[in-house]
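1. For reference, the sequence and a predicted model appear below.
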Amino acid sequence: RRTPRCDNMNCKEHHLPELELATGQVREALQCILHTILFIRSPGDVVPQDVECEGFGITYTRIACDKTVLASLPTVMETDVDKKVDDSIESFLRTLSQIGPELMSGCLTLSFFERRASKQLFGLVSHEERVVWEQWILRVVVNNTPRPITDDSAAVIERQRIQDTAEVMLRSVLVKIFEIAGGDIDHVPPVMYEFEINSTKRVDDRENVYSRVANMPSLINLST
């Protein structure tokens, strides 16, 4: 499905720092990012659930995934949030494009929208339109280079370097999310709204420039 456009005057676009991950890190890192944003932007009351990443020293908060809890949440959250997130990640992995030896890239866009009835022909005909009011855009580079698997000191150091680099970049994305969440929220509608996650093979030049020149913040401890 095509990514909805953020083309109304009140729509906000948030471009997150570019993320480079090893193949085995992609799913957990994207789950961490998407669930964090969905928790921050959840409409109405939700039940929080802390999740400790297995592959990173990070704990993030998400909407509780217990089915009995979900059944009591607002309509927009009654759907299987886990399934939508996991399906979007699998779709993202299928749309990756080659950008170099052992390197692939793709873009994830998380859109929040509300449904509005629109009248035409002097009010005689109406239809429902989806109005996007916020988008979170993330470019991800996936590195398929095989990790060294031996136990010699050089291999251990290289594995640790790969792990540390990915974790710093993931923390950078989370810091940016928290900065945005603490900013202006006048564009967030007071009514129930929905979300969808789309994947594209590439981002436009403006997004590439933005993500590459963004300053990476200092490493801070996000774990509990």
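-> Structure received.
2. Show me what the mean pLDDT comes to for whichever helix in the chain runs longest.
-> The single longest helix within the chain, with elements called by DSSP state H, is helix 153-181. Taken as a whole, helix 153-181 has a mean pLDDT of 92.
3. Which parts of the helix or strand just after it count as buried, going by neighbours?
-> Following helix 153-181 in sequence order, the next helix or strand is strand 194-200 (DSSP states H and E). Going by neighbour count (16 or more other C-beta atoms under 10 Å), the buried part of strand 194-200 is 195, 196, 197, 198, 199, 200. C-beta coordinates here come from the backbone N, C-alpha and C atoms, glycine included.
4. Would you mind measuring from the fourth one to residue 59?
-> It refers to residue 198. Distance, residue 198 to residue 59, using C-beta to C-beta, to the nearest Å: 28 Å.
5. just the second one next, same as before
-> Note on residue 196: its distance to residue 59, by C-beta to C-beta, is 27 Å.
6. Then the third one?
-> Note on residue 197: its distance to residue 59, by C-beta to C-beta, is 22 Å.
7. repeat for the last one
-> If you measure residue 200 against residue 59 using C-beta to C-beta, the figure is 30 Å.
8. element containing residue 27, please.
-> According to DSSP H and E, residue 27 maps onto helix 26-40.
9. on contacts alone, who are the packing partners of that helix?
-> Under the contact criterion of 3 or more C-beta pairs under 8 Å, 6 or more residues apart in numbering; DSSP states H and E, helix 26-40 touches strand 19-22, strand 48-52, strand 59-63, helix 81-94, strand 103-120, strand 125-143, helix 153-181.
10. That one to strand 125-143, inter-axis angle?
-> Relative orientation of helix 26-40 and strand 125-143, computed by axes from the mean of the first three to the mean of the last three C-alpha atoms, to 10 degrees: 140 degrees.
11. that older thread, closest to residue 42 out of the helices and strands packed on helix 26-40?
-> Among these, the nearest to residue 42 by C-beta to C-beta is strand 59-63 (5.7 Å).
12. From the contact counts, what lies against that closest one?
-> helix 26-40, strand 48-52.
13. buried set for that strand?
-> By neighbour count on 16+ other C-beta under 10 Å, the buried set for strand 59-63 is 60, 62, 63.
14. For the second one, which non-adjacent residue is closest in space?
-> Across the structure, with C-beta to C-beta, 6 or more residues apart in numbering as the measure, the residue nearest residue 62 apart from its sequence neighbours is residue 35 (3.7 Å).
15. isn't residue 112 right next to residue 41, touching?
-> Yes. Residue 112 is within contact range of residue 41, at 6.0 Å (criterion: C-beta atoms under 8 Å).
16. in the chain, what spans have low per-residue confidence?
-> Scanning the chain for pLDDT under 70 picks out 1-8, 66-79, 119-125, 202-224.
17. can you put the helices and strands packed on helix 26-40 in CSV and add distance to residue 190?
-> Shown next, in CSV, are these (distance: least, C-beta to C-beta, whole Å):
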stretch, distance to residue 190
strand 19-22, 32
strand 48-52, 22
strand 59-63, 19
helix 81-94, 21
strand 103-120, 10
strand 125-143, 11
helix 153-181, 17
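18. Fine, thanks again, bye for now.
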